[in-house]
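# here is a sequence with its predicted model. Questions after.
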Amino acid sequence: MQNPFSNPAFDMASLTTAINVIPNRYGLIGQLGLFAPKPVRTRTVLVEEYAGRLTLLPTRPVGSPGTTAQAGKRKVRSFIVPHIPHDDVVMPEEVQGLRAFGSETEMESLSTVMARHLADMRNKHAITLEHLRMGALKGQVLDADGSTLIDLFAEYGLTQTVVPFELTNAASNVKKKCYDVLRGIEDNLLGEVMTGVVVLCSPEFFDALTTHPKVEAAYARWQEGAILINDNRGGFQFAGITFREYRGQVSTPDGTVRRFIAAGQAHAFPVGTLDTFATYFAPADFNETVNTLGQELYAKQEPREFDRGTAVHTQSNPLPMCHRPAVLVKLTV
């Protein structure tokens, strides 16, 4: 008897297309559009830092030679793209007794079974990518067990800027703290542009900020105090910064629940940049994908031993990257 999944509709190219078409239902950071996808052909990404300088040009007499431009310093850093495989199994019981006629054809029913597995696997890859991207916004990309994959501040020889907002102090100048965040990011753009600054906050930080007397007073005078009666956790602006509550969390393989943002903290970053953020996608380790541009996700299936079900393999090879870690600012209550 022929394996029903031997149909070309379930080959590597078809399944890979299918899993990439499934909508990603998880990921505020993905919705912000920060990390532009950049497919690469290799498992290693080289990030070149080019620090140009803006200098004043002196006046010279007419006919005299001009000043000579000085080239900026270049430095190349190498990063290994993480490899994230995930496997599942379609058991014979799941396709046994499928109707071959009527409301669904046999092929449509098999596709439904496979699509259900691919959707579940896609969701796991989606939350994993969100976790990696949040790490890139914090300056430390972490693995599922909490170990550090990439420490951007160590790689670039930087120390992260931390701005204590002192929100437990009613006299704290919150607006001045916001300006400190904005100025710190603007000073470290190094020729890059931005359209604004977003801060993703833990619930504790968000509550302390929105209930601070000076913040409440400012919004009471602006918009007739709407902040006191509306749910503004989806984002509100204060002193030129958009604050958003972010409650992302994941369950680790050992069952531990890890929050993306620690209690009492928040993380600021610029938006509307050109190339400060990117997600590099490397190709899968299949024969068919050698020297091809990487895709976000790959899927492949093959019969299990003695044809006892069908093994489904998915993998993603993403590297979320912040090319200017100095613009990542941490805020504390």
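Great, that's in hand. For clarity, every value in this text was computed on a predicted model and none was experimentally measured.
# longest helix in the chain, please.
helix 106-138 (DSSP state H).
# what is the mean pLDDT for that helix?
The pLDDT scores in helix 106-138 average 86.
# buried residues, stretch 315-333. List them.
315-331, 333 (16 or more other CB atoms under 10 Å). Just so you know, the C-beta spots here come from the backbone N, C-alpha and C atoms, and that holds for glycine as well.
# does residue 196 really touch residue 243, like I thought?
No. Using CB atoms under 8 Å, residue 196 makes no contact with residue 243, being 11.7 Å away.
# neighbour-wise, which of those two wins?
Neighbour comparison, residue 196 and residue 243: the larger count goes to residue 243, with 26 against 12 (by other CB atoms under 10 Å).
# tell me where the stretch 101-250 of the chain has helices.
106-138, 152-156, 174-187, 203-210, 213-221 (DSSP state H, counting those that start in this stretch).
# what about stretch 254-265, distance to the chain center?
16 Å (CA atoms, centre = their mean, to the nearest Å).
# what's the span of that stretch, first residue to last?
25 Å (CA to CA, to the nearest Å).
# now do it: everything it contacts.
Stretch 254-265 is contacted by residues 130-131, 134, 138, 145-146, 200-205, 208, 246-252, 267, 330-333 when judged by CB atoms under 8 Å, 6 or more residues apart in numbering.
# at 6 Å instead, please
By CB atoms under 6 Å, 6 or more residues apart in numbering, the list of residues contacting stretch 254-265 from outside reads 134, 202, 204-205, 246, 248-252, 332-333.
# output the lowest mean pLDDT helix or strand found in this protein.
In the chain, no helix or strand scores lower on mean pLDDT, DSSP states H and E than helix 12-21, which sits at a mean of 75.
# for the closest residue to residue 298 other than its chain neighbours, grab phi and psi.
Leaving aside its sequence neighbours, residue 298 sits nearest to residue 284 (CB to CB, 6 or more residues apart in numbering; 4.1 Å). Main-chain torsions, residue 284, degrees, to the nearest 10: phi -70, psi 160.
# with the one 4 residues further on instead?
Summarising the backbone geometry of residue 288 under the convention degrees, to the nearest 10, its torsions are phi -70, psi -20.
# state the number of residues packed around it.
A total of 13 residues lie near residue 288 under the criterion other CB under 10 Å.
# quick one on the thing from earlier: so of the buried residues of stretch 315-333, which ones are in strands?
Here DSSP state E is the test, and the buried residues of stretch 315-333 give 315-316, 318-322, 329-331 as lying in strands.
# with pLDDT as added columns, please give those in CSV.
Listed next are these as CSV, based on pLDDT from 0 to 100:
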residue, pLDDT
315, 95
316, 94
318, 95
319, 95
320, 96
321, 95
322, 95
329, 98
330, 98
331, 98
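# quick one: those as JSON lines, columns for distance to residue 173 too.
Formatted as JSON lines, these follow (distance: CB to CB, whole Å):
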{"residue": "315", "distance to residue 173": "50"}
{"residue": "316", "distance to residue 173": "44"}
{"residue": "318", "distance to residue 173": "40"}
{"residue": "319", "distance to residue 173": "39"}
{"residue": "320", "distance to residue 173": "34"}
{"residue": "321", "distance to residue 173": "35"}
{"residue": "322", "distance to residue 173": "29"}
{"residue": "329", "distance to residue 173": "17"}
{"residue": "330", "distance to residue 173": "19"}
{"residue": "331", "distance to residue 173": "14"}
